[in-house]
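**Q** Could you work out the structure for the sequence below:
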Amino acid sequence: MADVYDPFDPGFQADPYPAYRRLRDEDPVHRHESPPFWALSRFEDVWQATRDAETFSSAQGLTFYPDEIGTLGLAPTIVMLDPPRHTVLRRLISHGFTPRRTAALEDRLRDFVRSRIALMERRLADNETPDLHKDFSSPLPTFALAHLLGVPEADRARFDPWVSALTTLQDDGLDLKALKGGAVKAVAEMFAYFTDVIAARRAAPSDDLISALTTAEADGERLTDWDILGFCFVMVAGGNDTTGNLISHGVALLDGDHAQRERLAADRSLIPNALMEFLRLEGSVQALGRTTTRPVTVHGTEIPAGEKVMMLYGSANRDEREFGPSAAGLDITRDIPRHLGFSSGVHFCVGSHLAKLQARVAFEELLEAHPDIGVDTENAERIASPFTRGWVSLPVANL
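**A** Okay, here's the model as predicted:
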């Protein structure tokens with residue numbers, strides 16, 4: 001299967017789904033030689049593995065690089081920890097990062113979404129081609145995170161390049177060596193900035209998320225400065241482009257099926273389920289790694305202890321064994337009892353409620369203003385990444 005599944009091959013990155021299907025059908029426990037790792041491609045196998053943190057550990061990083069955490073030169077963040085430490089941190093973070101706090105953003109998000117739609121309309125009026133991803137989808141999570149983290153308006157110009165740098169880091173697989181030019185400096189600046197913010201909020205709490213995290217307490221334990229800083233890192237690196245790409249992919253998928261686009265525009269109560277279908281078909285995160293803590297046998301193949309194993313979410317979410325013969329097609333009303341778009345188990349995405357809120361508001365407003373919106377995928381530019389799937393640019397074809 002080496003000629004079919006090469007995560008670095010531009011052809012595979014452009015359309016990984018034929019290779020995924022062959023892996024599921026012919027080689028569901030695939031051995032990749034360089035770099036060395038295993039890959040699980042069927043839904044049930046990935047589902048069970050992500051829910052078995054004792055066997056499939058996150059403590060050695062989330063990619064197939066052997067010394068990912070050491071390369072980063074940082075202490076492990078919550079996504080790179082196993083229970084029981086992960087359980088404690090997640091409980092503390094959940095005390096501050098609540099669905100209620102997220103829901104309180106909705107009016108601000110809606111105003112911002114409307115302003116971005118107006119921007120695209122102005123570009124069109126000026127005979128320019130609006131870019132759905134650059135002008136609309138991508139700025140929304142940056143705006144949301146800045147509000148949540150309490151970044152004042154005066155500092156937003158500094159915040160944007162930090163987000164871009166950490167997004168690059170996430171798209172390249174959390175490999176610090178992938179950062180070029182001023183990106184390393186930008187990351188350092190962001191960490192220094194939030195270190196000062198954390199200190200200020202500990203001294204005088206306000207109404208932002210960082211203040212809530214500084215005061216969160218469970219069983220007498222509180223978050224350290226690094227715990228909070230690491231969470232900011234995870235939210236920006238892992239929650240920015242993933243949400244933007246969910247929105248852009250959704251518009252592109254609907255443009256490929258105008259009947260379902262019309263149905264969604266006519267009944268926007270279907271949007272929450274449609275979002276899960278978009279994420280199932282075009283997952284922003286295509287693959288993340290774990291490391292085996294003991295030998296484990298899957299479909300008669302033994303994976304030794306200490307091996308990197310990639311969970312191919314992008315493949316699992318299209319598995320006909322789970323989703324039936326129509327798994328490769330769009331169905332905005334599909335019943336989806338299980339889903340790996342936000343992973344599963346102890347590492348289920350802590351920001352899923354924020355991502356869903358942003359995407360829901362984006363589609364409510366976009367379909368209200370422009371129910372026939374279309375995109376030009378032929379002239380679009382995709383992210384080049386073995387781990388994520390999304391866009392650099394996605395021109396609007398119809399507004």
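**Q** now the strands: where do they sit in the protein?
**A** Assigned by DSSP state E, the strands in the chain fall at 29-32, 37-40, 56-57, 217-218, 221-222, 288-292, 296-298, 301-303, 308-311, 374-375, 381-382, 391-393, 396-398.
**Q** By mean pLDDT, flag the weakest helix or strand of this protein.
**A** Least confident element among the helices and strands of the chain, by mean pLDDT, DSSP states H and E: helix 68-72 (a mean of 63).
**Q** before we move on, back to that, comparing the strands of the chain, which gets the lowest mean pLDDT score?
**A** Mean pLDDT across these is lowest at strand 217-218; the value there is a mean of 83.
**Q** Identify the neighbouring strands of it in the sheet and state each direction.
**A** Strand 217-218 has the following strand partners under DSSP bridges: strand 221-222 (antiparallel).
**Q** For Leu209, which residues are in contact?
**A** 96-97, 101, 148-150 (Cβ atoms under 8 Å, 6 or more residues apart in numbering). For every residue, glycine as well, the C-beta is placed using N, CA and C.
**Q** cool, and Glu378?
**A** No contacts exist for Glu378 under Cβ under 8 Å, 6+ apart.
**Q** Just the pLDDT for it.
**A** With respect to pLDDT, Glu378 has a value of 96.
**Q** what ranges do the helices span in the stretch 201-350 of the chain?
**A** 209-215, 225-239, 241-255, 258-266, 271-281, 313-316, 320-323 (DSSP state H, counting those that start in this stretch).
**Q** whoops, the stretch 1-150 of the chain was the one
**A** Under DSSP H, counting those that start in this stretch, the stretch 1-150 of the chain gives helices at 10-14, 17-26, 43-50, 68-72, 85-96, 99-103, 106-125, 139-148.
**Q** Mean neighbour count added to the strands of the chain, as JSON lines?
**A** Output for these, formatted as JSON lines (neighbours: other Cβ atoms under 10 Å):
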{"stretch": "strand 29-32", "mean neighbour count": "18"}
{"stretch": "strand 37-40", "mean neighbour count": "24"}
{"stretch": "strand 56-57", "mean neighbour count": "22"}
{"stretch": "strand 217-218", "mean neighbour count": "12"}
{"stretch": "strand 221-222", "mean neighbour count": "14"}
{"stretch": "strand 288-292", "mean neighbour count": "23"}
{"stretch": "strand 296-298", "mean neighbour count": "15"}
{"stretch": "strand 301-303", "mean neighbour count": "15"}
{"stretch": "strand 308-311", "mean neighbour count": "25"}
{"stretch": "strand 374-375", "mean neighbour count": "22"}
{"stretch": "strand 381-382", "mean neighbour count": "14"}
{"stretch": "strand 391-393", "mean neighbour count": "18"}
{"stretch": "strand 396-398", "mean neighbour count": "16"}
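**Q** Out of those, which is closest to Ile332?
**A** strand 374-375 (16.8 Å; Cβ to Cβ).
**Q** From what I see, Tyr65 and Pro36 are in contact.
**A** No: when contacts are counted by Cβ atoms under 8 Å, Tyr65 is not listed as touching Pro36 (10.8 Å).
**Q** so what's Leu254 up against?
**A** By Cβ under 8 Å, 6+ apart, the neighbours of Leu254 are 260-261, 264, 330.
**Q** closest to His86 among those?
**A** Leu330 (34.8 Å).
**Q** Could you report the separation of the closest one from Val46?
**A** 21 Å (Cβ to Cβ, to the nearest Å).
**Q** Lowest mean pLDDT across the helices of the stretch 1-150 of the chain, which one is that?
**A** helix 68-72 has the lowest average pLDDT among the helices of the stretch 1-150 of the chain, namely a mean of 63.
**Q** Could I get the buried residue list for stretch 134-154?
**A** In terms of neighbour count (16 or more other Cβ atoms under 10 Å), stretch 134-154 has its buried residues at 134-151.
**Q** ah, wrong one, I meant stretch 87-103
**A** Those would be 88-90, 92-93, 95-97, 101-102, for stretch 87-103 by 16+ other Cβ under 10 Å.
**Q** Please enumerate residues in contact with stretch 128-137?
**A** Taking Cβ under 8 Å, 6+ apart as the rule, stretch 128-137 contacts 113, 116-117, 119-121, 123-124, 244-245, 247-248, 251, 362, 366, 373, 375-376, 380, 390-396, 399.
**Q** distance of Gly61 from Leu275?
**A** Counting by Cβ to Cβ - Gly61 and Leu275 are separated by 29 Å.
**Q** Settle it for me: which of these two has more neighbours?
**A** The neighbour count for Gly61 versus Leu275, taken as other Cβ atoms under 10 Å, is higher for Gly61 (26 against 22).
**Q** Am I right that the more buried one is in contact with Leu288?
**A** No: applying Cβ under 8 Å as the test, Gly61 and Leu288 come out as separate, 9.5 Å apart.
**Q** Spit out the contact partners of Arg202.
**A** By Cβ under 8 Å, 6+ apart, the neighbours of Arg202 are Thr214.
**Q** And it, what's its pLDDT?
**A** pLDDT, Arg202: 95.
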